[in-house]
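>>> Mind folding the following:
(one chain, ligands or ions: 1)
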Amino acid sequence: MSLLQVKGLGKSFGGVRAVDGIDFELAAGELLALIGPNGAGKSTTFNMVNGQLRCDSGSIRLEGRELVGLRPRAIWRMGVSRTFQIAETFASLTVVENVQMALLSADHKLYSLWRPAAAHRRDDALRLLAQVGMAEQADRPCSVLAYGDVKRVELAIAMANEPKLLLMDEPTAGMAPRERNELMALTKRLVVERGLAVLFTEHSMDVVFAYADRLIVLARGRLIAQGRPAEIRDHPKVQEVYFGTGKTFEKVAAATKAAA
Ligand SMILES: Nc1ncnc2c1ncn2[C@@H]1O[C@H](COP(=O)(O)OP(=O)(O)OP(=O)(O)O)[C@@H](O)[C@H]1O
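Next up, the predicted model:
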């Protein structure tokens, strides 16, 4: 059975059918890209999976358990974590303290304000930082880090509740090509080594084609195609949707074909 099963998922805003009855599945150890032109319904889908938005119809099951109707925090506790388009950390805290705050939260102790983060599970926080290559910078304040390193810390924070499913909203936005590849290679390693399932949205087609195991493609709220990168690259409906949008899909597809 797949880890995540989405069936008939729908959401309207006024007269706009933002997501129109989509079905997809995601297995443990799989990196699934959610792509589509602007306004296709990617963020709306994401926000429904982590409980920030309530769907109008359909179901979202994690290991067979229904997530629809649960609050974001309950969904997080069931093992669904998230990173954001613009990574944010507590700038005044050190790298390791940021991860310790996440561990406090995972341990239900965030509101024990008399318990300083610096005293909480430092070794575990350092282990999480080691996984993302940030252990050596553990005691630096987050405010002095390069953006690529902030993204790594964000990933360590997202791993603090030992998620089964990680949702990544445009993980490489605002990053230079080299940083992008490093972050995605790191993500791929977590997927392979920990059996993590990742669902990510991404505008950069080179990232999608290089790292996704599978893709789902939305256009105007409908799921128009799903499959392996090679299948999607040549899919006539996908070509049609991207044609003329100013995105680099055709160029990247041609380059990827030439390299194959
Ligand atoms: N809170 C909202 N209120 C009204 N309409 C919304 C709201 N959120 C999204 N929409 C509409 O729903 C549709 C899907 O939007 P969504 O943000 O999910 O697309 P997207 O694929 O994430 O786009 P982008 O790539 O630009 O981020 C769009 O037509 C959008 O204008």
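
>>> Let me see the ranges of the strands in the stretch 151-260 of the chain.
165-169, 197-201, 214-219, 222-227 (DSSP state E, counting those that start in this stretch).

>>> ok now do residue 214, which residues does it touch?
30-33, 226-229 (CB atoms under 8 Å, 6 or more residues apart in numbering). C-betas here are computed from N, CA, C, even on glycine.

>>> Backbone dihedrals for the nearest residue to residue 77 once chain neighbours are set aside, please?
Using CB to CB, 6 or more residues apart in numbering and skipping the chain neighbours, the partner closest in space to residue 77 is residue 161 (7.2 Å). Note on residue 161: its backbone torsions stand at phi -100, psi 20 [degrees, to the nearest 10].

>>> which stretches of the stretch 1-150 of the chain have low pLDDT?
Residue ranges of the stretch 1-150 of the chain with pLDDT under 70: 108-119.

>>> Distance-wise, check residue 84 relative to residue 128.
Using CB to CB, to the nearest Å, residue 84 is found at 18 Å from residue 128.

>>> And for residue 3?
Shown here: residue 3 relative to residue 128, a distance of 21 Å by CB to CB.

>>> what's the answer for residue 33, then?
For residue 33, the distance to residue 128 - CB to CB - is 25 Å.

>>> Can you list which of the contacts of residue 214 are found in helices?
residue 229 (DSSP state H).

>>> Which positions in the stretch 1-150 of the chain make contact with the ligand?
Within reach of the ligand by CB under 6 Å from any ligand atom, the stretch 1-150 of the chain has these residues: 13, 16, 18, 36, 38-44.

>>> Secondary structure element holding residue 19?
strand 16-26 (DSSP states H and E).

>>> what comes into contact with that strand?
Identification of contacts with strand 16-26 by CB under 8 Å, 6+ apart yields 2-12, 32, 41, 44-45, 48, 55, 57-58, 165, 197, 199, 216, 218, 220-223, 226.

>>> Now with 6 Å, please.
With contacts defined as CB atoms under 6 Å, 6 or more residues apart in numbering, strand 16-26 is touched by 2-11, 32, 41, 44-45, 197, 199, 216, 221-223.

>>> Settle it for me: which of residue 3 and residue 128 has more neighbours?
Shown here are residue 3 and residue 128; by other CB atoms under 10 Å, residue 128 has more neighbours (25 against 20).

>>> and for the helix or strand where the more buried one lies, what are the contacting residues?
Using DSSP H and E, the element containing residue 128 is helix 122-131. For helix 122-131, the surrounding residues in contact (CB under 6 Å, 6+ apart) are 96, 99-100, 103, 135, 138, 156, 159.
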